[in-house]
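Undergrad: Dropping a prediction and its sequence here:
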Amino acid sequence: MMPSPLPDEEAVPAEDEEVVPPRKRSRVRTVLIGLLAVLLVGGGVAAADGYFGWYGGGGTHPYDVMPASTVAYLQLDLNPSLDQKTQAWAFLRDLPEVQEVTPGQPDPKRVLWSFKKWLWVGRTWTDYDRDVAPWLGDRIGVGIIVHDTEQIWVTAIRVTDEGKATAKIQEWLDATQNDYEVTTRDGYAIITAKSTASVVHAEQAKGLLGNNQRFMADLRSVGENGWMAGWLDFGALAASSPSPSDAGRTAFALRFSGDTLEFAGRVLGWKHPLVNGAGQLGALPASTGSAVCVSGSVTGRLPVPLLLPLPSVGDWWKSQYGLDEGDVAALLGQSVCVSAPSTAVKHLFSVPEVLGLRVVTDDPARAQQVLHKVAADIFDHQSLAVDRVDGNALSAATTKDYLAEIAGSAGKLSSQPSLTKAVPDSSRAALASYLNLEVIGPSYVDAGSPYEPFVKAMKALGVQYFDEGSGNGSWSVRIVRT
């Protein structure tokens, strides 16, 4: 598979460029900077866009010049709708890089350039105003087409001056010894490998992705495309593999809504079994710090989206534990949740682990017997010392106190606002996960750090998937802040 032509893997700092050694907890700074650079890159939006006319969201997109035969597509939009700019500003407002941006100069590309050390631009472009500003537009797209069994990458960059863009990009490609060429079309610089350029141009002549009705309908189905959006046709992409598949498609977008960063999408036309069933995440204790729940039928072949770290039903279960399919079905039941309390998550499990299991099943007594056989391996040799059956629910935990919480009727996670924000469809999500960021935030930032307010504002991370029938489903990953 050809690599994407954008990164310059050989790029090194300039000789006069100071190399600063990593500081303590530098991973936080890197992540936050990356989030800022890619997702906001602009300041003073709410106050200034009315005056400066920085409304965004219009014009052409990279998919308007990509071949209609594109099977995978990803776009970065540095000029989304006014609402998205305002919401991004609200979410990232505590970051020092956001606060330092001059409100009167809302240029997202200039802010992005300030993080060039992380963008692999090398030493060819050294001055933004001279080397980049005269030609760089607002959108970048990357796509993959399949020719025979080869995956071919195509990159499209929106430009304001095709001539200057061609010269500067080619200058960079030559200096970094990338064997790619640059052509222009309808306000975009299109970068392709020289060896496959003729294939790309021939596919463009047959039609463009923006006229592909299925692609456009899938992308519209996710709603607001926000700062980043993409699409993938699993079946068409698999045509380049030894085992072709007729699997479905997914479309997704990354966007903001004031107190929430959301990466969400849909699964469409999936030909394999999809997990379905009423969600049980909200039935866990209000003290839950982290949890993952899967609901629905799990007998036979496990569903494709299932992320549960358990082997599929088959010979492994029988040879390892002497279990048959009925045993496994009883243990996994209609819903299975694994959780840990906030007290354990707060210390990043540096204290003795506290874990719990809650299973809703038609045969809880049989599930209890099976659990006694497999618990040590499933939970990494951490013993589930106590368990109990209440009606159709089997609860187990590493401590008596946590068992009482899991099996008790006291406050539930569904009553916590952070869950309703992070996993808004927890009652019907067949696959759901939750992490209380509020309790672990202080462990990831130094006291007095300029990033401390932002990190401590994070409340929860949530993941959900729910089935819509007919091979379709919706999923999301959300980060919620105060």
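TA: Perfect, I can see it now. Note that the structure is predicted; figures quoted are calculated from it, not measured.
Undergrad: Please report the distance of residue 148 from residue 223.
TA: 36 Å (C-beta to C-beta, to the nearest Å). C-beta coordinates here come from the backbone N, C-alpha and C atoms, glycine included.
Undergrad: same check, this time on residue 394
TA: Residue 394 is 39 Å from residue 223, by C-beta to C-beta.
Undergrad: Those two: who's more crowded?
TA: A direct count of neighbours by other C-beta atoms under 10 Å for residue 394 and residue 223 places residue 394 higher, at 27 against 11.
Undergrad: what pLDDT does the more buried one get?
TA: In this model, residue 394 is scored at 95, pLDDT.
Undergrad: mind giving me the domain ranges of the chain?
TA: 26-268, 281-481 (automatic domain parsing).
Undergrad: Off-centre distance for the last one?
TA: In terms of C-alpha atoms, centre = their mean, to the nearest Å, the centre of domain 281-481 is found 20 Å from the chain centre.
Undergrad: following the lowest-mean-pLDDT helix or strand in the chain, which helix or strand shows up next?
TA: The weakest-scoring helix or strand in the chain, judged by mean pLDDT, DSSP states H and E, is helix 45-52 (a mean of 32). With elements assigned by DSSP states H and E, the helix or strand that comes after helix 45-52 is strand 72-77.
Undergrad: Would you mind putting the CA coordinates of that following strand into PDB?
TA: What follows is strand 72-77, C-alpha atoms only, in PDB (Å, rounded to 0.1, in the frame of the first residue of the first chain):
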ATOM      1  CA  ALA A  72     -12.000   5.500   1.900                       C
ATOM      2  CA  TYR A  73     -12.100   9.300   2.500                       C
ATOM      3  CA  LEU A  74     -11.100  11.700   5.300                       C
ATOM      4  CA  GLN A  75     -11.300  15.500   5.300                       C
ATOM      5  CA  LEU A  76     -10.000  18.200   7.600                       C
ATOM      6  CA  ASP A  77     -12.000  21.400   7.500                       C
END
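Undergrad: Give me the angle between the helix or strand following it and strand 72-77.
TA: Next along the chain after strand 72-77, taking DSSP H and E as the criterion, comes helix 82-91. Here helix 82-91 runs at an angle of 80 degrees relative to strand 72-77 (axes from the mean of the first three to the mean of the last three C-alpha atoms, to 10 degrees).
Undergrad: how about helix 82-91: buried residues?
TA: Within helix 82-91, the residues scored as buried using 16 or more other C-beta atoms under 10 Å are 83-91.
Undergrad: so where is the stretch 1-150 of the chain shaky, pLDDT-wise?
TA: Residues of the stretch 1-150 of the chain that meet the criterion pLDDT under 70 lie in 1-57, 101-107, 111, 114-115, 118-122.
Undergrad: Mind doing that once more with 50?
TA: For the stretch 1-150 of the chain, applying pLDDT under 50 flags the ranges 1-55, 104-105.
Undergrad: next one: the stretch 151-300 of the chain
TA: Using pLDDT under 50, the stretch 151-300 of the chain drops low at 298-300.
Undergrad: again, 70 this time
TA: Looking at the stretch 151-300 of the chain by pLDDT under 70, you get 240-246, 272-277, 297-300.
Undergrad: Counting by contacts, list what the helix or strand residue 369 falls within packs against.
TA: Element membership of residue 369 [criterion: DSSP H and E] is helix 364-378. Under the contact definition 3 or more C-beta pairs under 8 Å, 6 or more residues apart in numbering; DSSP states H and E, helix 364-378 sits against helix 315-321, helix 325-332, strand 356-360, strand 386-390, strand 393-397.
Undergrad: let's see it at 6 Å
TA: When contacts are defined as 3 or more C-beta pairs under 6 Å, 6 or more residues apart in numbering; DSSP states H and E, helix 364-378 sits against helix 325-332, strand 393-397.
Undergrad: Report the spatially nearest residue to the residue in the chain sticking out farthest from the centre, omitting neighbours in sequence.
TA: Most distant residue from the mean C-alpha position of the chain: residue 365, 38.8 Å away (C-alpha atoms, centre = their mean). Leaving aside its sequence neighbours, residue 365 sits nearest to residue 389 (C-beta to C-beta, 6 or more residues apart in numbering; 6.6 Å).
Undergrad: same question, residue 211
TA: residue 68 (6.3 Å).
Undergrad: next one: residue 158
TA: Here the residue nearest residue 158, using C-beta to C-beta, 6+ apart, is residue 137, at 3.1 Å.
Undergrad: Pretty sure the one you found sits against residue 161.
TA: No: counting by C-beta atoms under 6 Å, residue 137 does not reach residue 161; the two are 9.4 Å apart.
Undergrad: The two: which has the busier surroundings?
TA: A count of neighbours by other C-beta under 10 Å puts residue 137 above the other of residue 137 and residue 161, at 20 against 16.
Undergrad: host element of that one?
TA: Residue 137 belongs to strand 136-147, assigned by DSSP H and E.
Undergrad: Sheet-wise, list the partners of that strand with their directions.
TA: Applying DSSP bridges to the sheet, strand 136-147 is found paired with strand 72-77 (antiparallel), strand 150-159 (antiparallel).
Undergrad: How many neighbouring residues does residue 225 have?
TA: Counted with other C-beta under 10 Å, residue 225 comes out at 22.
Undergrad: Once you drop chain neighbours, what's closest to it?
TA: That would be residue 253: by C-beta to C-beta, 6+ apart, it lies 4.8 Å from residue 225.
Undergrad: Roughly how far does that neighbour sit from residue 261?
TA: Distance from residue 253 to residue 261, by C-beta to C-beta: 12 Å.
Undergrad: do residue 399 as well
TA: On the measure of C-beta to C-beta, residue 399 and residue 261 end up 34 Å apart.
Undergrad: what's the answer for residue 391, then?
TA: Per C-beta to C-beta, residue 391 is found 39 Å from residue 261.
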